[in-house]
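*Asks:* Let's see this in three dimensions:
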Amino acid sequence: MSSLRITISPTMRVVFPGSSSRREILQLAEDFMRCEAGRPAEEQTPFTLAIGQLLDEANALFLQAKEMENQRRLASEAYKRLTRSAYEVTRRIRDLLASRYHSTPELAQNWGLTVRQTGRSAGLVLMPQSTKEVTTFLDDYIRCEEARPAAERIQDPALSDMIQLRDDLEMQHRAANESRRRRILYNQQGNDLCLKLASELRRALVYLITSYGNGEPDRELEAWGFRVVARNPYQERAVTEPVETPTPEEMIS
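*Replies:* Modelled structure (predicted):
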């Protein structure tokens, strides 16, 4: 992960997390607020309140995203179990109808099954294979059974059980998709807040340097969570895209 290196001293520099380093930005904000909480209110930076609010909002969003992922996983597992049950009951019905209409297999098509038309296995009542085929069969089967007199319906499985299975499948599928959609949304909103959080932390860093460090970083900044390292001028020359020494005003822009 790339990092922004703010060099403002011949001897020391501050390594700031890159804009996409979400975890590092959140950890820096946590450390910053922990340090500020131990200082008198009048000595805190003008950016502390905003940093605290952004941190709380970002953490809340990421917590919601985590909860949505948990819900998505639960719904997905429930959907898989129901899908297995749907395959099993579909095979039972297929076998029942294939046996009942052995001489006239085309009648099995009334319940949504497909009958092979050509080849050596012509007349074979086919078993739906994909999940989509099985769910389509459930809809067709229920529609057919509902249209028949109650006395002529297939008794096992009961029509009410088939309707429940179909509805549960649809519900868990929708729940998994909705949880996924909301997880993505909350993560994106949290990432956007992290960008704002990083901007406020940079402003706070400049404020601390200009207010307490005479325009130069020192090890005291580590108390706020900032990473301060000794500058290696030879290494700086080897950087593909060298970072110019900015003024505090330029760092805020």
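
*Asks:* for the chain, what spans make up the helices?
*Replies:* For the chain, the helices defined by DSSP state H cover 22-37, 48-100, 131-147, 159-212, 233-238, 248-252.

*Asks:* Make a markdown table from those and add mean pLDDT to it.
*Replies:* Converted to a markdown table, the helices of the chain look like this (pLDDT from 0 to 100):
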| stretch | mean pLDDT |
| --- | --- |
| helix 22-37 | 95 |
| helix 48-100 | 96 |
| helix 131-147 | 94 |
| helix 159-212 | 95 |
| helix 233-238 | 49 |
| helix 248-252 | 38 |
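
*Asks:* Reformat the ones you listed as JSON lines; add distance to R120.
*Replies:* Where C-beta positions appear, they are placed from N, C-alpha and C, glycine not excepted. What follows is those, written out as JSON lines (distance: least, CB to CB, whole Å):
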{"stretch": "helix 22-37", "distance to R120": "60"}
{"stretch": "helix 48-100", "distance to R120": "16"}
{"stretch": "helix 131-147", "distance to R120": "23"}
{"stretch": "helix 159-212", "distance to R120": "33"}
{"stretch": "helix 233-238", "distance to R120": "73"}
{"stretch": "helix 248-252", "distance to R120": "79"}
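
*Asks:* Quick one, which of these gets closest to A223.
*Replies:* helix 22-37 (5.2 Å; CB to CB).

*Asks:* what packs against the closest one?
*Replies:* Using 3 or more CB pairs under 8 Å, 6 or more residues apart in numbering; DSSP states H and E, the elements in contact with helix 22-37 are strand 12-17, helix 48-100, helix 159-212.

*Asks:* and the ones you listed, which is most packed in?
*Replies:* strand 12-17 (a mean of 20; mean count of other CB atoms under 10 Å).

*Asks:* Quick one: closest of the helices and strands packed on helix 22-37 to E220.
*Replies:* Here helix 159-212 is closest among the helices and strands packed on helix 22-37 (CB to CB), at 7.0 Å.

*Asks:* Excluding sequence neighbours, find me the nearest residue to N59.
*Replies:* L26 (7.2 Å; CB to CB, 6 or more residues apart in numbering).
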